[in-house]
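# Fold the following and give me the result.
(chains A and B)
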Amino acid sequence: MLANLTSIESLFYLAGLVAVIASLKVVTGHNTVHALLYLVVSLLAVAVCFYLMGAPFAAGLEVIVYAGAILVLFVFAVLMFGLGKDETTNAPKHKGLANMLGAMLLAFALLVEIIVIINNADMQQNLQATVISSKTVGIMLYGPYLLAVEIASFLLLSGLLAGYHYAKPDVTGGPL
Amino acid sequence: MTTIPLFHVLILSSLLFAIGFVGVVARKNTLFMLMSLEIMLNAVGVAFIGAGSVWQQADGQVMFILILTLAAAEVAVGLALLIRMQKKYHSLDIDLLNQMKG
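This is a model prediction of the structure:
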């Protein structure tokens, strides 16, 4: 029974459940920063799912790019929206850890899951057998998908230009 | 051969996609709509990775990386537009954008 409980499948279902709950909290949230906190938890849960599906490279990318870069962009934008207002008057009443307790519990479940996976040699062996190496992915990217990579680089460049153009101050003149 | 059945992966993916879709349709705050878009893109990534792991092909992960770049570019442009909107209307309500003139 215990072996059944700690199989790769059940861990996957647990991570999926965490992702669904966190996503629901994002969609139904009222406070922007709390919703962002739950969004981080949702992305981390999806990263654990990727790891359990035998894609550790994609899981690392999910944590670094999604939870690391895109979410930081969100946080910066939220900080900019509050400019000009007095934050101390709008700030919620201090409620200790109660605000982030749910997100912390979900993240703790993910942490326990990761520890269980790393400690279980059987499961590690099982995962290693199904892994698709990042080397294969790289060969694919610069082989048949080379054109797609070039288009993605153009997309990122246009995103950079558009972001700069829309977010710059209205005052014209002066250097770029 | 992976131990997780593809059917269950697809169920998780469609659940996340549906949650994100409801968020995009139902919310009025543009920032929450952007977050829901992220959830939807993520759900598609789950489907790609799951399919790639079932057939033991690297194509799924390649598509996931492309989705990742798409999400990054989309968020950069979207948030810059939101900053413009906040400057002009002092609000993020999507209903303020129902007129093209002006």
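
# What confidence value was assigned to the residue in chain A positioned nearest to chain B?
Closest residue of chain A to chain B, CB to the nearest CB: residue A:159 (3.1 Å). C-beta here means a position set from N, CA and C on the backbone, and glycine is covered the same way. pLDDT for residue A:159: 93.

# same question, residue B:22
95.

# one step back: how near is the residue of chain A closest to chain B to residue A:39?
With distances taken as CB to CB, to the nearest Å, residue A:159 is found 20 Å from residue A:39.

# Check residue B:81 too.
Where residue A:39 is concerned, residue B:81 sits at a distance of 19 Å (CB to CB).

# Neighbour count: the two, which is higher?
residue A:39 (27 against 17; other CB atoms under 10 Å in any protein chain shown).

# C-terminal to the strand or helix carrying the more buried one, which secondary structure element comes first?
Using DSSP states H and E, residue A:39 sits in helix A:32-52. Scanning forward in sequence from helix A:32-52 by DSSP H and E, the next helix or strand is helix A:56-61.

# quick check, distance from that next one to the centre of its chain.
Helix A:56-61 sits 11 Å away from the centroid of its parent chain (CA atoms, centre = their mean, to the nearest Å).

# Which residue ranges of chain B form helices?
In chain B, the segments counted as helices under DSSP state H are B:6-26, B:30-54, B:59-89.

# Same list, those helices, but as JSON lines with distance to residue A:26 please.
As requested, these are exported to JSON lines (distance: least, CB to CB, whole Å):
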{"stretch": "helix B:6-26", "distance to residue A:26": "7"}
{"stretch": "helix B:30-54", "distance to residue A:26": "6"}
{"stretch": "helix B:59-89", "distance to residue A:26": "15"}
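
# Between those, which one is closest to residue A:144.
Smallest distance to residue A:144 across the helices of chain B (CB to CB): 8.7 Å, for helix B:59-89.

# Check which helices and strands that closest one sits against.
helix A:56-61, helix A:71-81, helix A:134-141, helix A:146-167, helix B:30-54 (3 or more CB pairs under 8 Å, 6 or more residues apart in numbering or on different chains; DSSP states H and E).
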